[in-house]
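Asker: okay, predicted coordinates and the sequence, questions at the end:
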Amino acid sequence: MNSEFRQRKSMFDNTWTLSIALASSGVVVSWYFGLAQIDITPIIWALASLAFLQFALNSRQAYIESVARLRTLAMLSHLLGIALLGIAWHLAGGLQQPLFPLFVALPLIASPLILSYWQQQASLGLLLVVLASAVVLSPDTNSFIQARYGIGLVSPDLLPAWIPRSRLAFADVNTSPTFNLALMGTMALFAIALNAVARAIIAALGRMIARSESLQEELRRAQQITADLIFKAPYCEAIVAVGSGRVLHASERFSQLFNVSTSEDGSFLLDVVAFAYPDVIRRLISNGGEEIQGATINGRDVVLRVRASVFDLKDSKVVRVSIENSDDICWRSAVDALEQPAFAVNSHGKVMFLNKAAKAAFGEHAEGARADVLLGSAKNRWWDIAPLESARRIIDLQGRQYLASIRRERIAQSIGDMYFVYLHARTTQNAAAVV
């Protein structure tokens with residue numbers, strides 16, 4: 001909060017610097033080109049004093065930590081600026097310089113950045129006093145008000161000598177009292193409206209900034225949640241930048257499998273995983289899809305299934321890469337290459353995992369069918385050899401006798417026993433091996 005307030009204070013100080021620079025430039029240009037018959041020396045002294053005093057006040061803010069004290073310092077600088085610019089206005093011609101008060105009112109635009117509501121009203125009140133002083137220091141306007149409205153203002157002749165009188169800047173310009181009153185009234189309304197509009201705009205901007213910060217915080221939380229979800233994913237996954245191939249986030253299993261530290265996010269995927277054909281993986285990262293790839297992990301050759309899904313973000317593309325071990329593909333290929341039928345029967349008696357020879361013998365519809373119905377053996381649950389781990393049996397399947405080599409394995413408690421069956425055509429040599 002302190003650093004943000006200091007940034008606002010800096011913007012407010014810059015506004016005052018701009019006001020002083022504009023007022024000085026206007027006075028110097030008018031004097032240099034002979035547009036106004038004024039003595040420039042006291043005006044420059046007033047503006048130089050204002051610049052010096054504000055610099056001295058602002059130099060103290062580096063040693064102030066409290067926001068309240070910084071706001072008080074800004075208020076003091078603001079009131080001092082309005083007072084000294086008002087003096088410079090009278091020295092430059094007063095009512096004959098009707099645009100000069102705009103330089104005084106300019107900092108009102110930035111005052112809601114740091115000043116409280118009542119501080120803004122106090123500074124606005126001082127500005128209205130400066131505008132009213134132009135009427136007070138005008139003898140003609142005083143006489144007009146006294147004659148028409150019966151209101152006796154303080155005569156300029158009765159004011160102390162140290163109060164600067166408005167100078168005559170243009171000898172050939174003579175404005176009427178009604179014009180002077182209308183001018184100052186309009187300027188006062190303009191200052192009030194400017195202060196109200198500036199306060200409303202800055203309040204709206206504050207709400208928008210707060211909303212933006214809230215959305216950014218929500219985005220940061222969402223990004224952190226996404227990173228945590230990826231890290232805790234039960235699979236070997238990574239989020240990769242499509243353009244560069246860098247790993248943005250990786251799951252814990254990914255880091256463990258490929259020996260990548262969680263602090264090393266940003267390394268290239270192809271440097272982390274030694275694929276046999278990296279060009280194929282590059283195309284996969286760019287276009288998405290699924291491939292089977294050989295790779296080397298810790299000096300061991302493995303078969304990996306790589307799945308990639310590309311996502312278009314607002315300003316970039318990322319790809320979600322999922323990697324799983326698929327060494328069973330090699331085992332399936334070896335089983336498919338066997339000439340004799342081979343299949344598995346699960347604990348519910350359904351045929352699973354048929355090789356090509358088994359599919360040719362029993363048909364494509366055999367997978368998932370009940371083994372006792374499909375295979376048509378005379379023995380009920382002939383494949384169940386429990387409690388033995390392995391056994392051989394002679395069975396009749398579809399009118400032919402086979403020597404079935406059966407192996408029982410416990411896959412998981414929720415799955416139960418799985419019986420792997422290899423069928424051999426019965427011969428006199430293997431008949432004697434039946435148990």
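Answerer: Received it, and whenever you're ready, just let me know what you need.
Asker: neighbours of residue 417, just the number please.
Answerer: A count of neighbours around residue 417, defined by other CB atoms under 10 Å, yields 15. For glycine as for every other residue, the C-beta is placed from the backbone atoms N, C-alpha and C.
Asker: would you mark the buried spots in the strand or helix carrying it?
Answerer: Taking DSSP states H and E as the definition, one finds residue 417 inside strand 416-425. Under the neighbour-count criterion of 16 or more other CB atoms under 10 Å, strand 416-425 has 418, 419, 420, 421, 422, 423 buried.
Asker: before we move on, what about stretch 52-70?
Answerer: Under 16+ other CB under 10 Å, the buried positions of stretch 52-70 are 54, 57, 58, 61, 70.
Asker: what pairs with the strand holding residue 417, parallel or antiparallel?
Answerer: Sheet pairing for strand 416-425, assigned by DSSP bridges, gives strand 342-345 (antiparallel), strand 400-412 (antiparallel).
Asker: so which elements touch the helix ranked longest in the chain?
Answerer: For the chain, the helix with the greatest residue count under DSSP state H is helix 177-231. In this structure, helix 177-231 packs against helix 101-105, helix 117-136, helix 139-149, strand 236-241, strand 247-250, with contacts taken as 3 or more CB pairs under 8 Å, 6 or more residues apart in numbering; DSSP states H and E.
Asker: in CSV: those, plus mean pLDDT.
Answerer: Shown next, in CSV, are the helices and strands packed on helix 177-231 (pLDDT from 0 to 100):
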stretch, mean pLDDT
helix 101-105, 89
helix 117-136, 89
helix 139-149, 71
strand 236-241, 86
strand 247-250, 84
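Asker: adding mean neighbour count, write those out as JSON lines.
Answerer: Below are the helices and strands packed on helix 177-231 laid out as JSON lines (neighbours: other CB atoms under 10 Å):
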{"stretch": "helix 101-105", "mean neighbour count": "22"}
{"stretch": "helix 117-136", "mean neighbour count": "17"}
{"stretch": "helix 139-149", "mean neighbour count": "14"}
{"stretch": "strand 236-241", "mean neighbour count": "22"}
{"stretch": "strand 247-250", "mean neighbour count": "23"}
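Asker: wait, which of the ones you listed is closest to residue 307?
Answerer: Checking the helices and strands packed on helix 177-231 against residue 307 by CB to CB gives strand 236-241 as the closest, at 9.3 Å.
Asker: got the domain ranges for the chain?
Answerer: Taking automatic domain parsing as the criterion, the chain consists of the domains 2-211, 232-326, 330-431.
Asker: neighbours around residue 312, how many?
Answerer: Residue 312 has 9 neighbours, counted by other CB under 10 Å.
Asker: and the one 10 residues further on, by the same measure?
Answerer: Summarising burial for residue 322: neighbours were counted as other CB under 10 Å, giving 17.
Asker: check the one 5 residues further on too.
Answerer: Around residue 327 there are 11 other residues, counting by other CB under 10 Å.
Asker: for residue 214, same thing?
Answerer: Neighbour tally, residue 214, other CB under 10 Å: 10.
Asker: need the nearest residue in space to residue 91, chain neighbours excluded.
Answerer: residue 43 (4.7 Å; CB to CB, 6 or more residues apart in numbering).
Asker: scratch that, residue 8
Answerer: Per CB to CB, 6+ apart, closest to residue 8 is residue 113, 4.2 Å.
Asker: thought that neighbour was touching residue 10?
Answerer: No - in this structure, residue 113 is not within contact of residue 10 by CB atoms under 8 Å, at 9.8 Å.
Asker: the longest helix of the chain: how far from the chain's middle?
Answerer: Relative to the mean C-alpha coordinate of its chain, helix 177-231 is positioned 20 Å out (CA atoms, centre = their mean, to the nearest Å).
Asker: middle-most residue in the chain, spatially?
Answerer: residue 216 (4.5 Å; CA atoms, centre = their mean).
Asker: ok so, going back, the more surrounded of residue 113 and residue 10?
Answerer: residue 113 (19 against 14).
Asker: check the more buried one and give its pLDDT.
Answerer: At residue 113, the model reports a pLDDT of 88.
Asker: poorly predicted segments of the stretch 301-435 of the chain, please.
Answerer: 314, 376-379, 398, 412-414, 427-435 (pLDDT under 70).
Asker: hey, where'd the helices end up in it?
Answerer: 328-336, 356-362, 371-375, 428-431 (DSSP state H, counting those that start in this stretch).
Asker: in a markdown table: the ones you listed, plus mean neighbour count and distance to residue 389.
Answerer: Shown next, in a markdown table, are the helices of the stretch 301-435 of the chain (neighbours: other CB atoms under 10 Å; distance: least, CB to CB, whole Å):
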| stretch | mean neighbour count | distance to residue 389 |
| --- | --- | --- |
| helix 328-336 | 13 | 19 |
| helix 356-362 | 17 | 22 |
| helix 371-375 | 19 | 19 |
| helix 428-431 | 10 | 20 |
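Asker: with distance to residue 108 added, can I get those in a markdown table?
Answerer: Shown next, in a markdown table, are the helices of the stretch 301-435 of the chain (distance: least, CB to CB, whole Å):
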| stretch | distance to residue 108 |
| --- | --- |
| helix 328-336 | 76 |
| helix 356-362 | 87 |
| helix 371-375 | 91 |
| helix 428-431 | 105 |
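Asker: confirm for me that residue 383 is in contact with residue 406.
Answerer: Yes - counting by CB under 8 Å, residue 383 touches residue 406, with 5.9 Å between them.
Asker: what touches both of the two?
Answerer: Residues touching both residue 383 and residue 406 (CB atoms under 8 Å, 6 or more residues apart in numbering): 419, 421.
Asker: who has more neighbours, these two?
Answerer: Under the criterion of other CB under 10 Å, the comparison of residue 383 against residue 406 puts residue 383 first, with 24 against 21.
Asker: list the contacts of the more buried one.
Answerer: Residues counted as contacts of residue 383 (CB under 8 Å, 6+ apart) are 345, 371, 404, 406, 419, 421.
Asker: pipe the residues you listed into CSV and attach distance to residue 250 per row.
Answerer: Formatted as CSV, these follow (distance: CB to CB, whole Å):
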residue, distance to residue 250
345, 40
371, 43
404, 47
406, 43
419, 39
421, 42
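Asker: out of the residues you listed, who's nearest residue 192?
Answerer: Taking those together and measuring to residue 192 by CB to CB, the closest member is residue 345, at 92.0 Å.
Asker: burial of residue 4, as a residue count?
Answerer: Neighbours of residue 4 using other CB under 10 Å come to 10.
Asker: likewise residue 220?
Answerer: 10.
Asker: circling back to that earlier point, just name the most buried of the strands paired with strand 416-425.
Answerer: Stretch with highest mean neighbour count among the strands paired with strand 416-425: strand 342-345 (a mean of 23; mean count of other CB atoms under 10 Å).
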